[in-house]
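1. sharing a model prediction with you, sequence too.
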Amino acid sequence: MLDLTEFASRLAHLLAACVTPGALSPEPPPATAMRAFIAIAAVAAILATARRFSQAVHTRLAAIGGALFWFAIAAAALATLLASNGTRPLARAIPFVAPLVWAAMAVSAAAVAERVARPSMHHRALVAGLGCLALGAISVGSSASLLGSETRMYERALELDPDNERVLQHLGKDMLARDPKTAHEAALRCLKRRIDACACHAIRIDAELQLKDLPSATRHARTAASICPANVGVDAAAAQALARSNSHADALAAADRGIDALELTGSPAQELGARLHEARGSALEGLGQPAEALAAFGRAIELGASRETTLRAAALAIQNEDYAAAESYTTSMLAQNAKDADALYNQGLIAHKRGDYNKAREGYLATLRVDPEFAVARYNVALLTWEQGVNQEAISHVRRFLDDYPDDPRGAQLTKMIGAVSATELPQHNR
């Protein structure tokens, strides 16, 4: 719900941005009491001036100009309300509100020119009105490239206000993907200004996770959770950090808190939901509850979790001997990418566990065709073929394994397995 302070500040900002869109931030920072007071006074002054102007200048143009100012402010107020959910920058409304604002100024300028013009200069009103409209077209038109892209709007807003929490919340994902260090620095600037800026806490934790600074991410996750106890973004970042640091009970609590908040608000934030359920699965796995962890991973995948989450769920399902679930996850990965080496390997491993020799062998060999350096696939196909009595093929795979991975301790196991083979047939460094 948009409070009066925020509403007034954003309304005045939108009206001013309609006049000079390139000079003001496309997405203003959260309002302060002083800014809101100035905004209310400014809007009230515009309305009062428009009314007094239409009463003082008894012409049709003056009446139309005054009415247009009221109409423009009403349109700006409606646009401000519609933009209150924070999904789009406030400047998105400029192309719709600016024509009304400039029309009001143009008609008022024409009314003034009509009032002061001599009878021989009756065309001055038309010139004044058209001149004002031309100025408006230049002002708004020069910012067309900015107003045509929400990403550019947010980037411009960040240039003008580097610690704008709203902007960081929208650009955080892209910033983290491009340069986690820059995202981390932006979050620190934001938090230096406002320690309760929850979106900046979440970005800071995510950046530290990407920068492999797990101790800092874990420490700040606990701090952020105490400062922002009801923020879903913080809960998601904190849950992931705590799960990776093996603080499984705390991670589970953070994940459950975030999931409850999403369900309570009915939010459709699928990305956050996926992260929360993925972190919940990690915590439950760490707490020794594989069935519950699989259910959590499954929910995360339904919400669009990453390939890595699906791969992890498949591995846990195989470990838990839930081969039907593992096969389902593997099939979905292969549907996305038929040459996914990890999925092909899991396909072979599931068949191996089920005792299906042909399918297992084909799965391992398919993995090696995609990625010849997939060591565990080479190891497993050597075991599989030896177990099935296909000794010559097994020896070939063992020889390849020993050549490619001379320092892998599993080489000694394979050498022992095929001990009947003469030592001269194997690489000497693995005897």
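-> Happy to help now that I have it.
2. which stretches of the protein have low pLDDT?
-> 1-2, 85-86, 117-122, 163, 265-269, 420-431 (pLDDT under 70).
3. what's the separation between the spatially most central residue of the chain and Asn246?
-> Centrality entry for the chain: nearest residue to the mean C-alpha point is Lys173, 3.9 Å, by C-alpha atoms, centre = their mean. For Lys173, the distance to Asn246 equals 26 Å [C-beta to C-beta, to the nearest Å]. Quick note: C-beta positions are derived from backbone N, CA and C, even for glycine.
4. for Ala74, same thing?
-> 57 Å.
5. what's the closest non-adjacent residue to Gln240?
-> With sequence-adjacent residues excluded and distances taken as C-beta to C-beta, 6 or more residues apart in numbering, Gln240 is closest to Ala279, at 4.7 Å.
6. didn't Glu292 look like it was pressed against Gly286?
-> No - the criterion here is C-beta atoms under 8 Å, and Glu292 misses it with Gly286 at 11.5 Å.
7. now do the helices in the stretch 201-350 of the chain.
-> Taking DSSP state H, counting those that start in this stretch as the test, the helices found in the stretch 201-350 of the chain are 214-227, 232-244, 248-265, 270-286, 290-302, 307-319, 323-336, 341-354.
8. most tightly surrounded among the ones you listed?
-> helix 232-244 (a mean of 27; mean count of other C-beta atoms under 10 Å).
9. what is that helix packed up against?
-> Judged by 3 or more C-beta pairs under 8 Å, 6 or more residues apart in numbering; DSSP states H and E, helix 232-244 is in contact with helix 198-210, helix 214-227, helix 248-265, helix 270-286.
10. contacting residues for the closest residue to Ser282 other than its chain neighbours?
-> Nearest in space to Ser282, with sequence neighbours left out and distances taken as C-beta to C-beta, 6+ apart, is Ala243 at 3.9 Å. Going by C-beta atoms under 8 Å, 6 or more residues apart in numbering, Ala243 touches 251, 255, 279, 282-283, 286.
11. want to try CSV for the residues you listed, with distance to Asp213 as columns?
-> Shown next, in CSV, are the contacts of Ala243 (distance: C-beta to C-beta, whole Å):
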residue, distance to Asp213
Ala251, 17
Ala255, 21
Ala279, 18
Ser282, 19
Ala283, 21
Gly286, 21
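12. which two in the residues you listed are spaced the farthest apart?
-> Using C-beta to C-beta, those reach their maximum pairwise distance at Ala255 and Gly286, which is 11.9 Å.
13. want to try JSON lines for the helices of the stretch 201-350 of the chain, with distance to Gly129 as columns?
-> Converted to JSON lines, these look like this (distance: least, C-beta to C-beta, whole Å):
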{"stretch": "helix 214-227", "distance to Gly129": "54"}
{"stretch": "helix 232-244", "distance to Gly129": "49"}
{"stretch": "helix 248-265", "distance to Gly129": "49"}
{"stretch": "helix 270-286", "distance to Gly129": "49"}
{"stretch": "helix 290-302", "distance to Gly129": "58"}
{"stretch": "helix 307-319", "distance to Gly129": "60"}
{"stretch": "helix 323-336", "distance to Gly129": "59"}
{"stretch": "helix 341-354", "distance to Gly129": "67"}
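14. how about those helices, which one is nearest Ala48?
-> helix 248-265 (39.8 Å).
15. helices or strands up against that closest one?
-> helix 214-227, helix 232-244, helix 270-286.
16. reformat the ones you listed as a markdown table; add distance to Ala16.
-> Shown next, in a markdown table, are those (distance: least, C-beta to C-beta, whole Å):
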| stretch | distance to Ala16 |
| --- | --- |
| helix 214-227 | 33 |
| helix 232-244 | 30 |
| helix 270-286 | 34 |
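17. gap between the two ends of stretch 139-154?
-> End-to-end distance for stretch 139-154: 20 Å, by C-alpha to C-alpha, to the nearest Å.
18. next, the buried residues of that stretch.
-> Across stretch 139-154, burial judged by 16 or more other C-beta atoms under 10 Å covers 139-140, 143, 146-147, 150, 152-154.
19. residues in contact with stretch 44-64?
-> Here stretch 44-64 makes contact (C-beta under 8 Å, 6+ apart) with 15, 65-67, 69-70, 73, 104, 107-108, 110-112, 114-115, 125.
20. again, only using 7 Å
-> Applying C-beta atoms under 7 Å, 6 or more residues apart in numbering, the external contacts of stretch 44-64 come out as 65-66, 69-70, 73, 107-108, 110-111, 114-115, 125.
21. quick one: distance of that stretch to the chain centre.
-> Distance of stretch 44-64 from the chain centroid (C-alpha atoms, centre = their mean, to the nearest Å) equals 47 Å.
22. Leu160 contacts Ala23, doesn't it?
-> No - the pair Leu160 / Ala23 is not scored as a contact, 9.0 Å apart, by C-beta atoms under 7 Å.
23. okay, now the residue lying closest to Tyr379 once chain neighbours are set aside: neighbour count?
-> Excluding the flanking residues, the one nearest Tyr379 by C-beta to C-beta, 6+ apart is Arg410, at 5.4 Å. Other residues lying near Arg410 total 16 when counted by other C-beta atoms under 10 Å.
24. can you tell me how far Arg410 sits from Asn346?
-> 19 Å.
25. spell out the secondary structure type for His58.
-> Following DSSP: H, G, I helix; E, B strand; the rest coil, His58 is assigned to coil.
26. how near is it to Ala197?
-> Distance from His58 to Ala197, by C-beta to C-beta: 52 Å.
27. again, but for Ile418
-> Using C-beta to C-beta, Ile418 is found at 63 Å from Ala197.
28. mind checking which of those two has more residues around it?
-> Between Ile418 and Ala197, counted using other C-beta under 10 Å, Ala197 has the larger neighbour count: 25 against 17.
29. how about the contacts made by the more buried one?
-> With contact set as C-beta under 7 Å, 6+ apart, Ala197 has these partners: 165, 190-191.
30. any idea which of these has the most stuff around it?
-> Sorting these by how many neighbours each has (other C-beta under 10 Å) puts Cys190 first, at 25 neighbours.
31. now do the contacts for Ala366.
-> Contacts for Ala366 were tallied using C-beta under 7 Å, 6+ apart; they are Leu344.
32. going forward, begin numbering at 457 instead of 1
-> With 457 as the first residue, the last one maps to Ala822.
33. and it, what element?
-> Using DSSP states H and E, Ala822 sits within helix 813-826.
34. I'd like the next helix or strand past that helix.
-> helix 831-843.
35. quick one: that following helix to chain centroid distance?
-> Helix 831-843 has its C-alpha centroid displaced from the chain centroid by 41 Å (C-alpha atoms, centre = their mean).
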